[in-house]
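[1] sequence and predicted model, in that order:
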Amino acid sequence: MRLEQRRFWAKVRPDRFGCLLWIGAKKPLGYGNFTFGGRTYLPHRLAWEWKNGPIPEGQVIDHLCRNRLCVKVSHLQVVTQRVNVLRGNSPSGGHSRATHCPKGHPYDAANTHFHRGRRYCRECEREWKRMYNRRRRETVA
């Protein structure tokens, strides 16, 4: 094992959930930070590359365990950025997993339409248009 790999693994500890956690330096968004050879690396990417080779162009590493400090290779998967975002805990990921609109109408083929990459509930739009037209008629009269 090379010197930088020994230094790397000295900064990793197991946790009770089966992850191998980076305990070294951390970036503000919660990812690890490892420097050697004058360059800074994300530890989970280094662990993946040492085990599996280079990460393909246009792909990123997704933490299947959702723990940004985990460097356990079996908890990591190469995916597109889109898949990574939609799997995550961000608002985009949450919205993509929603099966009903905020008012409880289902997002199904009959009740959903897409515009500029966004999903809309047809029933909510009909309700909004009825209310809009009613208010317009009341102000004109």
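    Cool, the structure landed. Numbering: from 1, shown residues only.

[2] all contacts plus neighbour counts: C-alpha atoms, from now on.
    Will do.

[3] may I see the buried residues of the lowest-mean-pLDDT helix or strand in the chain?
    Lowest on mean pLDDT, DSSP states H and E among the helices and strands of the chain sits helix 91-97, with a mean of 84. Residues G93 are the ones in helix 91-97 that count as buried (16 or more other CA atoms under 10 Å).

[4] now stretch 101-117
    101, 106-107, 112.

[5] repeat for stretch 27-39
    Quick answer for stretch 27-39 (16+ other CA under 10 Å): 31-34.

[6] one step back: in a markdown table: the buried residues of stretch 101-117, plus pLDDT and secondary structure.
    Output for these, formatted as a markdown table (pLDDT from 0 to 100; DSSP: H, G, I helix; E, B strand; the rest coil):
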| residue | pLDDT | secondary structure |
| --- | --- | --- |
| C101 | 94 | coil |
| P106 | 95 | strand |
| Y107 | 94 | coil |
| T112 | 95 | strand |
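
[7] ok, R87 - contacts?
    R87 is in contact with G93, counting by CA atoms under 8 Å, 6 or more residues apart in numbering.

[8] return the distance of the helix ranked longest in the chain from the chain's centre.
    When the chain is parsed with DSSP state H, its longest helix is helix 122-140. Centroid separation for helix 122-140 versus its chain: 37 Å, with CA atoms, centre = their mean, to the nearest Å.

[9] which residues touch that helix?
    Residues from elsewhere that reach helix 122-140 (CA under 8 Å, 6+ apart): 103, 105, 111-113.

[10] cool, and stretch 14-32?
    With contact meaning CA under 8 Å, 6+ apart, stretch 14-32 is reached by 11-13, 33-34, 42-44, 65, 68-72, 75.

[11] for stretch 106-113, same thing?
    98-101, 105, 119-123.

[12] most neighbours of all those, which one?
    C121 (21 neighbours; other CA atoms under 10 Å).
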